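*Asks:* Take a look and give me a structure for this.
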Amino acid sequence: MYIGLIIIAGLLISLILGFVNGLLIAYVEVSPTLATLSTMILYEGLTLAITRGKVISGLPDMFTAIGNGSLLGIPVPFIIFVICAFVLRLMVKRTPMGKYQVLIGSNKKAVEFSGIDVRKITVKTHMICSFLAGMASVIMISRLNSANARFGTSYQLLAILICVLGGTDPQGGYVRVGGVIAALFTMQALNSGINILGISPFISTSLWGILLVSIIAYRRYIAQKKDKFLSDMAKNE
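*Replies:* Predicted coordinates:
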């Protein structure tokens with residue numbers, strides 16, 4: 001029983017931290033990148049101070065079953081992933097909030113003039129992101145049977161790469177949940193191949209960075225060509 005309460009408490013803390021991020025971005029008008037990086041350092045520092053940098057291990061079997069158990073032969077983490085992916089896709093495609101999120105990324109000023117509370121949507125968006133990050137941390141901790149403040153920091157670049165590779169526009173205005181899922185499986189296959197080939201993880205991290213820069217540069221090139229084409233069409237008319 002107390003395991004469930006601890007998990008709920010952790011997820012509630014995640015929501016609160018996301019709420020703080022949302023307030024900084026929506027109301028204080030701090031750059032999203034700067035705000036999230038700053039709070040990440042703050043939260044990590046507080047956690048290291050509380051735990052004194054130690055690794056917490058020896059967690060109960062009921063908790064580790066979340067990351068290592070299975071239901072009807074299907075791993076529990078995969079079941080959680082499918083549920084989260086389904087809910088997110090439903091939210092983006094079928095709910096007003098999901099559509100507002102896409103519109104805000106496309107043209108924030110136009111959305112403000114249409115009477116939509118952009119600040120409120122921004123805060124809710126960051127709370128959702130933090131909640132999902134909290135769920136990911138629960139799965140990671142239970143799978144590794146240990147916890148440390150610096151766990152997961154190596155996945156920051158990989159998470160951005162998967163989103164961009166899946167068709168999500170870093171500038172906002174376009175998102176594909178299905179594309180992100182496909183990119184996730186693709187990156188997992190590539191990562192498995194790299195491990196089989198015995199390539200150093202440090203080199204693989206560099207490869208992810210090169211791939212991310214290449215994709216962003218390519219998409220920027222395509223966008224410029226599209227803008228030029230539309231400009232030429234307008235001049236001809």
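*Asks:* just checking, what packs against the helix or strand where Ile50 lies?
*Replies:* Assigned by DSSP states H and E, Ile50 belongs to helix 32-51. Under the contact definition 3 or more Cβ pairs under 8 Å, 6 or more residues apart in numbering; DSSP states H and E, helix 32-51 sits against helix 2-26. Glycine gets a C-beta too; all of them are placed from N, C-alpha and C.
*Asks:* thinking again about what came up before, skip ahead from the helix holding Ile50 and say which helix or strand is next.
*Replies:* Following helix 32-51 in sequence, per DSSP H and E, is strand 56-57.
*Asks:* related to what we said a few turns ago, export the helix holding Ile50 as PDB, just CAs?
*Replies:* The C-alpha trace of helix 32-51 is given here as PDB (Å, rounded to 0.1, in the frame of the first residue of the first chain):
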ATOM      1  CA  PRO A  32      11.600  27.900 -22.300                       C
ATOM      2  CA  THR A  33      15.000  26.500 -22.800                       C
ATOM      3  CA  LEU A  34      16.600  28.700 -20.200                       C
ATOM      4  CA  ALA A  35      13.800  28.100 -17.700                       C
ATOM      5  CA  THR A  36      13.900  24.400 -17.900                       C
ATOM      6  CA  LEU A  37      17.700  24.200 -17.900                       C
ATOM      7  CA  SER A  38      17.800  26.500 -14.800                       C
ATOM      8  CA  THR A  39      15.200  24.500 -12.900                       C
ATOM      9  CA  MET A  40      16.800  21.200 -13.900                       C
ATOM     10  CA  ILE A  41      20.100  22.400 -12.300                       C
ATOM     11  CA  LEU A  42      18.100  23.600  -9.200                       C
ATOM     12  CA  TYR A  43      16.100  20.400  -8.800                       C
ATOM     13  CA  GLU A  44      19.200  18.300  -9.300                       C
ATOM     14  CA  GLY A  45      21.200  20.300  -6.700                       C
ATOM     15  CA  LEU A  46      18.400  20.000  -4.200                       C
ATOM     16  CA  THR A  47      18.200  16.300  -4.700                       C
ATOM     17  CA  LEU A  48      21.900  15.800  -4.400                       C
ATOM     18  CA  ALA A  49      21.900  17.900  -1.200                       C
ATOM     19  CA  ILE A  50      19.100  15.800   0.300                       C
ATOM     20  CA  THR A  51      20.700  12.400  -0.700                       C
END
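*Asks:* for that helix, the distance to its chain's centre please.
*Replies:* The chain centre lies 16 Å from the centre of helix 32-51; the measure is Cα atoms, centre = their mean, to the nearest Å.
*Asks:* Give me the buried positions along it.
*Replies:* Ala35, Thr36, Thr39 (16 or more other Cβ atoms under 10 Å).
*Asks:* can you tell me how far Gln188 sits from Ile162?
*Replies:* 9 Å (Cβ to Cβ, to the nearest Å).
*Asks:* what do you get for Pro60?
*Replies:* 31 Å.
*Asks:* pLDDT below threshold where in this protein?
*Replies:* For the chain, applying pLDDT under 70 flags the ranges 1, 170-174, 201, 223, 226-237.
*Asks:* could you show me where the strands are in it, in order?
*Replies:* 56-57, 70-71, 74-75, 146-147 (DSSP state E).
*Asks:* which residues does the closest residue to Cys129 other than its chain neighbours contact?
*Replies:* Closest residue in space to Cys129, ignoring its immediate chain neighbours: Gly18 at 6.1 Å, by Cβ to Cβ, 6 or more residues apart in numbering. The contact partners of Gly18, by Cβ atoms under 8 Å, 6 or more residues apart in numbering, come to His126, Met127, Ile128, Cys129, Ser130, Phe131, Ala133.
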